[in-house]
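Novice: Provide a 3D model corresponding to the input given below.
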Amino acid sequence: MAAMLLWAPTAGLLLASGHGGLPLWPGPVAVMCSLLGTLLITLARSRQERETRLAAEAALGAVSRGLGLDEPAPAADADVLELMDGVRTLVSKALEAREREARQAQALAVVLEALPTPVLSTDAKGVILWANRGAQEHFRDRGPGPVGRRVDELFTSSRVLALHARAVSGGSGSEEVRVPSPRGARVLEVGASPTGSEPSPGVVLSIRDVTDLSEAVQLRTDFVANASHELRTPLASIRGAIETLEGGAWEDPSMRDRLARMIATNVVRLEELVRDLLDLSRLESHEGPVDVRPVRASEVASEVVAELAPSAAGRRVSIRLDLEPGLESMRTDRRLLSVVIRNLVENAVKFAFEGTEVRVEGRVVPGAGERAGARLRVIDRGVGIPIEHQQRIFERFFQVGVARTGSPAMRGSGLGLAIVRHAVRTLGGTVGVESIWQQGTTMTVDLPACVETRP
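Specialist: Have a look, this model is predicted:
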């Protein structure tokens, strides 16, 4: 073919000129042969270029599809070099996109690894493929690391396993489950989401410890129920007394006096309950900053004693103050200190044996810094608190029982010690109890770094 392409135009020229020992052909025939040869060369070149162009277009499409890009439509008049430039441009863009995706994946991996929330990735069969540090820490007490193990080895809850199976089928969701742990029962919120594509998608599991939130919700529910009950009881007594008076008991002096005392007792109880609820609400909502200023402990304690003197006299209980002089230079929140002393002394007066003494002690405790601490103790000789109830007395509305609370007149709101605990915590201190049944109770409050020491 190549020889033919080279010979045709040459032969035409020879025929036209008579050279080469060949006979002289007429001019038109020679010209036609020359033109035929040129046409054959042109056609061959066009076919070669077309094949090269088709090959370049095919390469461009293959590169586009291989890199996951949309195949560009080449220009109608684009030559081979332009097509190859297009391929190079596509490759460059694809490499940039891949590098960007790699950086994003690395950043995402760093974020997931740093999350305190446990995150796991499984295949469709439930085998753990990946786990962040939070997940490894969460399951450290259950043998080797979670990677390579099955979901049913780590979770025994049928609800979690059903959640994982639903995610394998393409559905996402979450479940709250209660599980045992070395720290006691915990409430976990387990979320599952499908990932990947059919026919076998994987699953991402996340675990969130919502124990505190669950307890807070339950605590609020119990608080509303208990507060409603505590309010309803004295209101029902007052209403019953009024209805009895309206029914004719007003004419009976003894009955009238009895019902009047009942109404007065329950009104006092309502006042105490409302006061305690307001105090507790302010403490739990952190209403306003702690107002630290110079405070004289003897002055605060004397005001509390004067306030509680009538109820103490009614039970023939005396209150004695024994405060060290160093507590005259305290720096603390006067209102919170008054709340603490008042509630502790009020409880002591209420549950001390009649004819006994309630003692309020205050001592300066050496501290590590420039200021010393203060230790307040309220001591009574009374019915005491059974040992099985001593860890619960700081719960809201907790009442030990009739054996301690006695008559309705002695029954409190059940909020006093809860208020003390919140107030002491707000001041950065601690509160504890020591009690012996039928012998007495000592409540101890430690407040750090609140006493100015003079050189």
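Novice: So which elements touch the helix or strand where I419 lies?
Specialist: According to DSSP states H and E, I419 maps onto helix 416-426. Helices and strands touching helix 416-426, by 3 or more C-beta pairs under 8 Å, 6 or more residues apart in numbering; DSSP states H and E, are helix 253-284, helix 334-351, strand 430-436, strand 440-452. Where you see a C-beta, it was placed from the backbone N, CA and C, and this is true even at glycine.
Novice: With mean pLDDT and distance to P366 as new columns, can these be given to me in JSON lines?
Specialist: Shown next, in JSON lines, are the helices and strands packed on helix 416-426 (pLDDT from 0 to 100; distance: least, C-beta to C-beta, whole Å):
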{"stretch": "helix 253-284", "mean pLDDT": "84", "distance to P366": "29"}
{"stretch": "helix 334-351", "mean pLDDT": "93", "distance to P366": "20"}
{"stretch": "strand 430-436", "mean pLDDT": "94", "distance to P366": "17"}
{"stretch": "strand 440-452", "mean pLDDT": "93", "distance to P366": "10"}
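Novice: okay, those, which one's buried deepest?
Specialist: helix 334-351 (a mean of 23; mean count of other C-beta atoms under 10 Å).
Novice: from what I can see G428 touches L447, true?
Specialist: Yes - with contacts counted by C-beta atoms under 8 Å, G428 reaches L447, the gap being 7.2 Å.
Novice: neighbours of R178, just the number please.
Specialist: A count of nearby residues for R178, using other C-beta atoms under 10 Å, gives 11.
Novice: residue contacts, it?
Specialist: Counting by C-beta atoms under 8 Å, 6 or more residues apart in numbering, R178 makes contact with 185-188.
Novice: where's the helix or strand that contains P194 relative to the chain centroid, distance-wise?
Specialist: According to DSSP H and E, P194 maps onto strand 186-195. Chain-centre distance of strand 186-195: 14 Å, with C-alpha atoms, centre = their mean, to the nearest Å.
Novice: and if you look at stretch 317-326?
Specialist: On C-alpha atoms, centre = their mean, the centre of stretch 317-326 falls 46 Å from the chain's centre.
Novice: Now do that stretch, average pLDDT.
Specialist: Stretch 317-326 comes out with an average pLDDT of 95.
Novice: mind checking which helix or strand E230 is in?
Specialist: Per DSSP H and E, E230 falls inside helix 211-246.
Novice: Okay, buried residues for that helix please.
Specialist: 211, 214, 223, 226-227, 230-231, 233-234, 237-238, 241, 244-245 (16 or more other C-beta atoms under 10 Å).
Novice: Buried ones in the strand holding P194, by neighbour count?
Specialist: Result for strand 186-195 [16+ other C-beta under 10 Å]: buried residues 186-194.
Novice: quick revisit: between the contacts of R178, which sits nearest G355?
Specialist: A185 (46.6 Å; C-beta to C-beta).
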